[in-house]
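In: this one's structure only:
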Ligand SMILES: Nc1ncnc2c1ncn2[C@@H]1O[C@H](COP(=O)(O)OP(=O)(O)OP(=O)(O)O)[C@@H](O)[C@H]1O
Ligand SMILES: [Mg+2]
């Protein structure tokens, strides 16, 4: 394992606290790292801050305190344009909703980041990527003409086209049936290799159990780290976290 692609130290995130709105402390000091080639899953109860953590890690949300390093570089030291460039060239996103631009065809959605980056090598991969996700015949369809699983696969084809160093996925299988979910997960599993890593937020224990490491988030901190766990071990860990937070009285 080389140097971490992503490293978070004591990440704190709160919302509100201005004017009359009360402060909600969502992340209370999260430490984590993701090495090249790893698929790391983040699980935890609903509202535990998984999406918030993912956005902070990806630089889509500023953290309140603490540091996030992407490719060895602190996000906070990057200018907006530097961060935008890193996002365009080295980061991929697969979210549950709002993955695709409705007015563009599937193929145009896949090609968009490559086109914006004027990256000819990436552009030459568009059709290979569409075929890799099984959508060669759907390139001209608009997102509205695709099923949820097909839309997720378009988002993954876009990631395959750009071949970014790190992919952030938030509930990518949430809306899918088990077969479509397994397909999407297999594609993400395939991306996490060599120098490329995937950070996956999921409620799906079967999905999480395919990760190299599973981080259990509870009460704003990483409660436990599990190495290639079985689905039942993940559920048990979440349950332990839930019990701990309900007895410590820190849940809010
Ligand atoms: N922009 C915001 N402003 C205020 N509070 C927020 C904001 N975003 C998230 N929160 C709060 O932070 C907490 C964690 O939200 P988050 O979406 O990160 O949870 P989650 O673990 O992803 O939940 P789920 O599993 O339901 O997706 C929630 O209590 C939520 O209300
Ligand atoms: Mg969420």
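Out: Thanks, I have the structure now. The structure displayed is predicted, hence computed values, not measured ones. Ligands and ions are numbered 1, 2, ... in the order given.

In: got a pLDDT number for residue 252?
Out: Residue 252 is assigned 45 on the pLDDT scale.

In: same deal with residue 129?
Out: 95.

In: residue contacts, it?
Out: Shown in contact with residue 129 (Cβ atoms under 8 Å, 6 or more residues apart in numbering): 110, 157-158, 160-161. Glycine gets a C-beta too; all of them are placed from N, C-alpha and C.

In: most widely separated two among those?
Out: By the measure Cβ to Cβ, 110 and 160 form the most distant pair in the contacts of residue 129, at 8.4 Å.

In: so which of these two has more stuff around it?
Out: Between residue 110 and residue 160, counted using other Cβ atoms under 10 Å, the more crowded position is residue 110 (32 against 24).

In: show me the beta-bridge partners of residue 198.
Out: Taking DSSP bridges as the rule, residue 198 bridges to residue 39, residue 167.

In: count the residues that sit near it.
Out: Counted with other Cβ under 10 Å, residues neighbouring residue 198 total 27.

In: swap in residue 22?
Out: Neighbours of residue 22 (other Cβ under 10 Å): 9.

In: so where does it fall, helix or strand?
Out: Using DSSP states H and E, residue 22 maps to neither a helix nor a strand.

In: still on that earlier bit, turn the contacts of residue 129 into CSV, columns for secondary structure and distance to residue 201.
Out: What follows is those, written out as CSV (DSSP: H, G, I helix; E, B strand; the rest coil; distance: Cβ to Cβ, whole Å):
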residue, secondary structure, distance to residue 201
110, helix, 23
157, helix, 21
158, helix, 18
160, helix, 20
161, helix, 23
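
In: now, which of these sits nearest residue 140?
Out: Residue 140 lies nearest to residue 110 out of the contacts of residue 129, by Cβ to Cβ, at 11.8 Å.

In: for that closest one, give me its contacts.
Out: Here residue 110 is in contact with 126, 129-130, 139, 154, 157-158, 161 (criterion: Cβ under 8 Å, 6+ apart).

In: quick one: residues contacting residue 207.
Out: Contacts for residue 207 (Cβ under 8 Å, 6+ apart) come out as 41, 173, 181, 185, 200.

In: for the strand or helix carrying the third one, give me every contacting residue.
Out: Secondary structure assigned from DSSP H and E places residue 181 in helix 178-191. Contacting residues not belonging to helix 178-191 are listed as 39, 94, 132-134, 147-149, 152-153, 156, 159-160, 167, 169, 172-173, 176, 198, 200, 204, 206-207, 210 [Cβ under 8 Å, 6+ apart].
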